[in-house]
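**Student:** Here is my input; please provide its structure:
(chains A and B)
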Amino acid sequence: MKNKKLIGAIIAIFAAVFVIGVGVSTGDSSVENGSTTEVNTSTTVLHGVYNDEGELITTQGENDVVVSQNAEKIENVLNSNTASDNKNQNNVGSVEVTNSVIDGINNSNKNYKANLKNIPAFSGKPYYVINGNVPGLKSDNQNVKYFEKYSPLDSFGRCGVAYACLGKETMPTEERGEIGQVKPSGWKTAKYNCVDGKYLFNRCHLIGFQLSGENANNRNLITGTRYMNVEGMLPFENMVADYIKETGNHVLYRVTPIFQGDELVARGVQMEAYSVEDNGDGICFNVYCYNNQPSVKIDYATGNSELVDDDTGNKTTTEKRAEKTTSVETSSGSGSSSQEAKYILNTNSKKIHRPTCSSAKKMKESNKQEYTGSKNDLLAQGYTACGICNP
Amino acid sequence: MKIILCLDDNNGMLFNNRRQSRDKTVIEDIISNLKNERVLISSFSEKLFEEFSDSVTVDDDFLKNASGDNICFAENQPLKHFENITEITVYRWNRVYPADFYCDVDFSKFSLISETEFKGNSHDKITKQIFIKR
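**Tutor:** Numbers count the residues shown, from 1 in each chain, chains lettered A, B, ... in the order given. Sure thing, here's the model as predicted:
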């Protein structure tokens, strides 16, 4: 073991020299933490490479070489399978990230990576499926260890990849605390009536608190829109969290913020997940969540924003701006769920919309139904309220 | 026939050919409400009922073959073309999950006759709704 650590340390020095050599800032040092001895056991620092222990060595950007480091929790790595206590220690880290084959699908072309050039512009749907939902993650055996790793901030103060093997062990045991002291890159406070909760930006966990228990870790918090947080990322986090709670299984989980150039606010995040014990039978996805907010245009370089007239954030019309603000303010004073009101129903998605809702205007006529009555009756019929107009 | 479904807040059922969620208390509730019947399921649902294999019949064409008061647990089947659905039991997760396959039942043709809540194994609150055809 000592020899292994010695070799690892030598290789780490070579890796660090290489990183400096390519002239890319790594932010924090990868070896600032005494527990990181095992992190730098890779022999090369190449694009998207992980070592035998599933450790991230570089991020996905073609030129953005960032050496990862262990989060504190890596020190608490335990094997959830007690039978594996006798396992070969050289096989520590029984999970890997792969470029090869997952579920029989050849993934060697790296199509699992989010590339902004290939992702359609935001059009009102919170996420886009990458590579047929096949992630670049794979479990190679059943000796499951949990871990969490968060990349150091880069020279712009931006988060990098957050990667974990999640299980009940990583889930929070305490109530969530304050995170207001963290100011992620591009953080600007902005309020709009059209945003649920008014505030455009949330301190958005890369690996959600319900999964990681990581609260105010600045390597895990980015400037994210309310829409991305709630409509984009949260459903996936819910699915993974409930799967873990129900089965006791583990899930490989990687969230990569995708920045364009030197911009301070991520254009979106790539979320990948793969359940370990059942080889992806329970959880398997690869999606890109848009860091957009319907009706708000964001300057991703600075975090500045402005209200616009369509849900994709493309155009600006002062008249419609006023109309939208007024309609939201008016609607906030609407009656209770049991009172009669006019709604627009989507008979396909079973959504309830206000007549002024932008989604209602874009709805297919074949799915649209005007309705006057109580919202409670609709809920009883299986309808749910639109998250945008919140009727 | 009587249909049993599990739905999220958007009436979603599946994402990427996988069920959105599961909870063993739902399965136990289904089984505990059986009288002398068996639940018809497809092979897709077999794992959920592996502890209760004596109470299920696995048939990938179960919806076509069902009749009368047969109880069918549906996870990945379109339902809107089945006119002989007389009752629907919905277990709502009270969560939003990603979905690419939704329940296509027109609930306006059904009346809600019962709604109860219980704590699940992995869900804080599961709502059980029973609808009958109008």
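
**Student:** Convert stretch A:257-272 to PDB, retaining C-alpha atoms only.
**Tutor:** Taking only C-alpha atoms (Å, rounded to 0.1, in the frame of the first residue of the first chain), the coordinates of stretch A:257-272 have been written out as PDB:
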ATOM      1  CA  PRO A 257     -22.000  22.700 -15.500                       C
ATOM      2  CA  ILE A 258     -21.600  23.800 -19.100                       C
ATOM      3  CA  PHE A 259     -20.100  27.200 -19.500                       C
ATOM      4  CA  GLN A 260     -19.500  28.900 -22.900                       C
ATOM      5  CA  GLY A 261     -16.100  30.500 -23.100                       C
ATOM      6  CA  ASP A 262     -15.400  32.800 -20.200                       C
ATOM      7  CA  GLU A 263     -19.000  33.300 -19.200                       C
ATOM      8  CA  LEU A 264     -19.700  33.300 -15.500                       C
ATOM      9  CA  VAL A 265     -23.200  31.800 -15.600                       C
ATOM     10  CA  ALA A 266     -23.600  28.300 -17.000                       C
ATOM     11  CA  ARG A 267     -25.700  27.800 -20.100                       C
ATOM     12  CA  GLY A 268     -27.000  24.600 -18.500                       C
ATOM     13  CA  VAL A 269     -26.000  21.500 -16.700                       C
ATOM     14  CA  GLN A 270     -25.500  18.000 -17.900                       C
ATOM     15  CA  MET A 271     -26.900  15.400 -15.500                       C
ATOM     16  CA  GLU A 272     -26.000  11.700 -15.900                       C
END
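
**Student:** and it, which residues are buried?
**Tutor:** For stretch A:257-272, burial by neighbour count (16 or more other Cβ atoms under 10 Å in any protein chain shown) applies to A:257-259, A:263-272. Glycine gets a C-beta too; all of them are placed from N, C-alpha and C.

**Student:** Just name the closest of these to residue A:132, please.
**Tutor:** Nearest to residue A:132 among those, counting by Cβ to Cβ, is residue A:272 at 12.5 Å.

**Student:** still on that earlier bit, pull the most distant pair out of the buried residues of stretch A:257-272.
**Tutor:** Farthest pair in the buried residues of stretch A:257-272, by Cβ to Cβ: A:264 and A:272, 23.7 Å.

**Student:** from the chain's centre, how far out does the lengthiest helix in chain B sit?
**Tutor:** Longest helix in chain B by number of residues (criterion: DSSP state H): helix B:24-32. In terms of Cα atoms, centre = their mean, to the nearest Å, the centre of helix B:24-32 is set 11 Å apart from its chain centre.

**Student:** circling back to that earlier point, which members of the buried residues of stretch A:257-272 are positioned in strands?
**Tutor:** Of the positions in the buried residues of stretch A:257-272, A:257-258, A:268-272 sit in strands, assigned by DSSP state E.

**Student:** how about CSV for those, with distance to residue B:15 added?
**Tutor:** Converted to CSV, those look like this (distance: Cβ to Cβ, whole Å):
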residue, distance to residue B:15
A:257, 22
A:258, 21
A:268, 18
A:269, 17
A:270, 16
A:271, 12
A:272, 14
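
**Student:** Throw the residues you listed into CSV and include distance to chain B and pLDDT, thanks.
**Tutor:** CSV is the format used below for these (distance: Cβ to the nearest Cβ, whole Å; pLDDT from 0 to 100):
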residue, distance to chain B, pLDDT
A:257, 19, 97
A:258, 19, 97
A:268, 15, 97
A:269, 14, 98
A:270, 14, 97
A:271, 10, 98
A:272, 12, 97
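
**Student:** quick revisit: for the longest helix of chain B, buried residues please.
**Tutor:** Neighbour-count burial for helix B:24-32 [16+ other Cβ under 10 Å]: B:25-27, B:29-30.

**Student:** Sort out which one of the residues you listed lies nearest residue A:278 for me.
**Tutor:** Nearest member of the buried residues of helix B:24-32 to residue A:278, counting by Cβ to Cβ, is residue B:27, at 17.2 Å.

**Student:** Return the backbone torsion pair for the residue nearest to that closest one when sequence neighbours are not counted.
**Tutor:** With Cβ to Cβ, 6 or more residues apart in numbering or on different chains as the criterion, residue B:27 has its nearest non-adjacent residue at 5.6 Å, and that residue is residue B:48. Here is the backbone geometry of residue B:48 (degrees, to the nearest 10): phi -60, psi -30.

**Student:** What pLDDT does the model give the residue in the stretch 51-200 of chain A that chain B sits nearest to?
**Tutor:** For the stretch 51-200 of chain A and chain B, the shortest gap (Cβ to the nearest Cβ) falls at residue A:133, measuring 4.4 Å. Confidence at residue A:133, expressed as pLDDT, is 96.
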